[in-house]
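>>> Below: sequence and its predicted model.
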Number of protein chains: 2
Amino acid sequence: MPGMGRWQPDARGRLARAALELYVERGFDRTSVAEIAERAGLTERTFFRHYADKREVLFAGSSALQEVLAHAVAEAPGSATPLDAVAVALEGAAAVLEERQEHARQRQSVIDANTELQERELIKLASLSGTLAEALRERGVDEASAGLAAEVGIAVFKFAFRRWVDRTEEKELAQFVREALAGLRAVTADA
Amino acid sequence: MPGMGRWQPDARGRLARAALELYVERGFDRTSVAEIAERAGLTERTFFRHYADKREVLFAGSSALQEVLAHAVAEAPGSATPLDAVAVALEGAAAVLEERQEHARQRQSVIDANTELQERELIKLASLSGTLAEALRERGVDEASAGLAAEVGIAVFKFAFRRWVDRTEEKELAQFVREALAGLRAVTADA
DNA sequence: ACGTTTGATGACAGTCACTGACATCGCTCG
DNA sequence: CGAGCGATGTCAGTGACTGTCATCAAACGT
């Protein structure tokens, strides 16, 4: 198992916590990797052995969302339309974030304050879209519908997540997701 | 007017052309800013006076798309639904890219080969989404519908643009946009 | 028990993106 | 013709990231 060596355990987790703390305290661009490593009791070089770059330390958890989305789409009832399956998956992802809402909101405030981090977030979301599309294809959904449903699903999730983070209304993220999906159907239907 | 000084004219344009050439020839990350500047007959420092960073030189044209989208939404017929207005705007943007399809495809091949460039592209697209949403709000569209229609519109455009670049079928970009919008309505309608 | 191997880390030098400060040069305006 | 100005050059510096080799404690085989 990782982190069971002779050193302090969980070097990776210590780095992630130190990084988030410093990004909150002093801002992303006023924090150097050397400072993160120092707070974690490690060296700069070791930071880069655990995380590809200074931004990635905030996005390591996205692989967990990948799995949630993929499994949810795969296990959606066979009668579900592509968008139904996506909806189920998005609610699953919402539940994951809801469990760690404090961490999620703190992390998001750091991202919202820095353009480079926003870029990284967008490519992670695009990756999630790719995961959704792939899972839909494995259900037998045609290429075009899979790609569109995935892209649009992620667009809906971005929208819902923003409202949840903003805390204008106190609702669960999953509720915002349902409302955004209803809004989508309204926007695409009226003509 | 810019570029009318004592030096070779259009330093900015020379930098942009030199950069695209080198990115095509040797790849983005094997090209240094010093090399770009040298090919343009300038210094590295001057490159950074014209472009904020090494990636931005590929995305300077996106402000033109901003304007096209904003104007198209503003001038769409009053009877148009939010998604109709977005559709008109996307076809306008498609026309702009169609005029420079060779440049657009070459540029896209560079972007497709590099993750950092994909990140920058995504945030530019998100910015376009913001522009669309703002323009819709100025038409009196409510906040939620504006945000959703804009997000979904950009998602549709990404999808259409990809198919156009892939050249699997030889159609105009605007045609792919129309088909993607039809696909969107199908995906959101069937239940 | 002891030598070997292994995996995570440290140490260190190097490249390159990007920035701030100041010098230069010719064009323009008065 | 001299002063100001705008675009560029020069140079030094910071910090992200990488390659390479050394180190050390734990696990492993004999």
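Here it is on my side, so go on. Residues are numbered from 1 along each chain as shown, chains lettered A, B, ... in the order given.
>>> make it CA atoms for all contacts and neighbour counts henceforth
Noted.
>>> Leaving out chain neighbours, which residue sits closest to A:L15?
Once flanking residues are discounted, A:L15 sits nearest to A:A40: 5.4 Å by Cα to Cα, 6 or more residues apart in numbering or on different chains.
>>> For the one you found, give me its contacts.
Neighbouring residues of A:A40 by Cα atoms under 8 Å, 6 or more residues apart in numbering or on different chains: A:11, A:14-15, A:18.
>>> Mind doing that once more with 6 Å?
By Cα atoms under 6 Å, 6 or more residues apart in numbering or on different chains, A:A40 lies in contact with A:14-15, A:18.
>>> From these, list the buried ones, please.
For the contacts of A:A40, a neighbour count by 16 or more other Cα atoms under 10 Å in any protein chain shown gives the buried set as A:14-15, A:18.
>>> got the residues you listed as TSV, with pLDDT, secondary structure and distance to A:V187 columns?
Putting the buried ones among the contacts of A:A40 into TSV (pLDDT from 0 to 100; DSSP: H, G, I helix; E, B strand; the rest coil; distance: Cα to Cα, whole Å) gives the following:
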residue	pLDDT	secondary structure	distance to A:V187
A:R14	97	helix	45
A:L15	98	helix	44
A:A18	98	helix	43
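>>> Identify the intersection of the residues you listed with the contact set of DNA strand D.
Filtering those for proximity to DNA strand D by Cα under 7 Å from any atom of the strand leaves nothing.
>>> and which of those residues is nearest chain B?
A:L15 (23.4 Å; Cα to the nearest Cα).
>>> Break chain A into its domains for me.
A:11-57, A:61-189 (automatic domain parsing).
>>> Quickly check: the last one near chain B or not.
Yes. Judged by Cα under 6 Å from any Cα of the partner chain, domain A:61-189 comes into contact with chain B at A:119, A:123, A:151-152, A:155.
>>> now the residues you listed: which count as buried?
The neighbour count (16+ other Cα under 10 Å) marks A:119, A:123, A:151-152, A:155 as buried among the residues of domain A:61-189 next to chain B.
>>> Return the distance of A:G27 relative to DNA strand D.
As for A:G27, its distance to DNA strand D is 11 Å (criterion: Cα to the nearest atom of the strand, to the nearest Å).
>>> Give me the pLDDT value at the residue in chain A that DNA strand D sits nearest to.
Residue nearest to DNA strand D within chain A: A:S32 (3.1 Å; Cα to the nearest atom of the strand). Note on A:S32: pLDDT of 98.
>>> same check, this time on the one 5 residues further on
We note a pLDDT of 97 for A:A37 in this prediction.
>>> same question, A:G3
Looking at A:G3, the pLDDT reads 39.
>>> What of A:E102?
The per-residue pLDDT reported for A:E102 equals 95.
>>> contact partners of the one helix or strand it maps to?
In this structure, A:E102 sits in helix A:101-112 according to DSSP states H and E. If you take Cα under 6 Å, 6+ apart as the criterion, helix A:101-112 is touched by A:117-118.
>>> next structured bit after that helix?
Tracing the chain past helix A:101-112, the next element assigned as helix or strand by DSSP H and E is helix A:115-138.
>>> Buried residues, that following helix. List them.
Buried residues in helix A:115-138 (16+ other Cα under 10 Å): A:116-137.
>>> what's the angle from the helix holding A:E102 to helix A:115-138?
Orientation of helix A:101-112 against helix A:115-138 (axes from the mean of the first three to the mean of the last three Cα atoms, to 10 degrees) gives an angle of 120 degrees.
>>> count of neighbours near the nearest residue to A:A87 once chain neighbours are set aside?
Leaving out its chain neighbours, the residue that sits closest to A:A87 by Cα to Cα, 6+ apart is A:G153, at 7.3 Å. Neighbours of A:G153 under the rule other Cα atoms under 10 Å in any protein chain shown: 29.
>>> give me the number of residues near A:A150?
Using other Cα under 10 Å, A:A150 has 28 neighbouring residues.
>>> what helix or strand does it sit in?
Using DSSP H and E, A:A150 falls within helix A:143-166.
>>> helices or strands up against the helix or strand following that helix?
Using DSSP H and E, the helix or strand that directly follows helix A:143-166 along the chain is helix A:173-189. With contacts defined as 3 or more Cα pairs under 6 Å, 6 or more residues apart in numbering or on different chains; DSSP states H and E, helix A:173-189 has these neighbours: helix A:82-99, helix A:143-166.
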